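S.K.: Turn this into a structure:
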Amino acid sequence: MQKPKIIVILGQTATGKSGFAVEVAKKINGEIISADSRQVYKGMDLGTGKVTKKEMGGIPHFMLDVISPKNKTFSAGQFQKMAKQKIKEILDKKNIPIICGGTGYYIDSLINSLPFPEVLPNKKLRKELEGESATELFEILKKIDKNRAKNIDAKNKVRLIRAIEIAQELGEVPKLKKTKKEFETIKIGLAFPDNELKRRIYKRLIKRIKKGMIKEVEKLHESGVSWKKLESFGLEYRYVSFYLQKKMTKEEMIEKLFSAIWHFAKRQKTWWKKDKEIIWINPSKKKDITIAKKEIGTFLKK
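M.R.: Residues are numbered from 1 along each chain as shown. I've put the predicted structure just below:
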């Protein structure tokens with residue numbers, strides 16, 4: 001029996017994944033599932049580059065605005081479960097699911113059906129660790145699980161605490177083994193040369209600030225999201241929060257945020273480097289776009 005087919009559009013931040021996904025979806029009766037670890041949160045729009053209603057072009061989008069950022073966190077395990085349900089619903093309509101995003105861990109967990117360790121939250125441990133800095137938490141994790149420390153965001157306190165919690169319970173965070181794949185997939189990766197990507201990141205950052213990104217973070221805080229929680233979301237939310245708390249000037253915020261986004265983009269590139277299945281294209285080249293669309297067409301006809 002033939003496995004259901006899904007299309008994956010991935011790439012670093014600021015490569016135009018959402019626009020390309022909409023373009024593809026319009027041609028093949030596609031529906032889009034966002035694979036972004038921050039776009040699941042309500043009210044986090046400009047800071048995450050969430051696709052607007054206008055940009056959606058009438059194409060259904062899922063896994064956006066799923067949960068409130070006030071006091072809840074969202075895991076890759078939850079993403080996998082909910083996204084699989086959405087895939088089923090799209091396939092039942094005889095449409096094509098398109099996974100689009102830049103969170104490699106979410107994409108891998110979904111298309112490889114990775115099993116997740118079932119470790120319940122340890123409230124006592126979390127309370128003990130909450131007061132520690134990200135640097136201290138990273139050192140704790142390194143001591144108890146070197147392997148997990150190698151591929152975690154060392155500045156994300158929420159993820160560090162969860163990793164420590166699992167490692168203490170199980171001895172270490174278990175390696176996620178691939179299970180039998182449920183889907184046939186084609187992966188299209190969008191990539192620009194480094195200098196061009198840097199320019200795009202900076203230009204987009206300034207545009208978002210002008211559009212009201214600072215006001216967005218301010219509004220989230222006023223609605224009850226603590227500074228600590230906002231900082232835990234990283235990048236835009238971390239540095240804008242620092243600025244709003246007068247911990248840095250606007251100029252420092254822009255400089256440090258640009259640098260942090262660029263380092264994040266480099267980590268994304270490293271994540272996908274090992275995946276030989278990805279068909280990489282430069283979205284500014286018409287020839288590359290044509291190749292990608294042709295590859296998708298061939299894949300769907302198989």
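S.K.: give the contact list for Ile99.
M.R.: Residues near Ile99 by Cβ atoms under 8 Å, 6 or more residues apart in numbering: 6-10, 32-33, 35, 83, 107, 110-111. For every residue, glycine as well, the C-beta is placed using N, CA and C.
S.K.: if we go to 7 Å?
M.R.: Contact analysis of Ile99 by Cβ atoms under 7 Å, 6 or more residues apart in numbering lists 6, 8, 33, 35, 107, 110.
S.K.: May I have the phi/psi pair for the closest residue to the fourth one other than its chain neighbours?
M.R.: Same thing as Ala35. The spatial neighbour of Ala35 that comes closest, neighbours along the chain excluded (Cβ to Cβ, 6 or more residues apart in numbering), is Gly101 at 3.1 Å. Per-residue torsions, Gly101: phi 170, psi -180 (degrees, to the nearest 10).
S.K.: what's across from Gly101 in the sheet?
M.R.: On the basis of DSSP bridges, Gly101 is bridged to Leu10.
S.K.: re earlier: tell me the one of the contacts of Ile99 nearest Lys215?
M.R.: Nearest to Lys215 among the contacts of Ile99 is Ala35, at 27.2 Å by Cβ to Cβ.
S.K.: from memory the closest one sits against Tyr105, does it?
M.R.: No. Using Cβ atoms under 7 Å, Ala35 is not in contact with Tyr105; the gap is 9.2 Å.
S.K.: can you redo the contacts of Ile99 as TSV with pLDDT and distance to Lys17?
M.R.: Rendered in TSV, the data for these read as follows (pLDDT from 0 to 100; distance: Cβ to Cβ, whole Å):
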residue	pLDDT	distance to Lys17
Ile6	97	15
Val8	98	10
Ile33	98	12
Ala35	97	10
Ile107	95	11
Leu110	94	16
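S.K.: per the record, what domains does this protein have?
M.R.: Domain assignment for the chain by automatic domain parsing gives 5-116+177-301, 123-170.
S.K.: any idea of the mean pLDDT for the shortest one?
M.R.: Predicted confidence along domain 123-170 averages 85 (mean pLDDT).
S.K.: Compute the first-to-last residue distance for it.
M.R.: Using Cα to Cα, to the nearest Å, the end-to-end distance of domain 123-170 comes to 17 Å.
S.K.: now swap in the first one and tell me
M.R.: Across domain 5-116+177-301, the terminal residues are separated by 10 Å (Cα to Cα).
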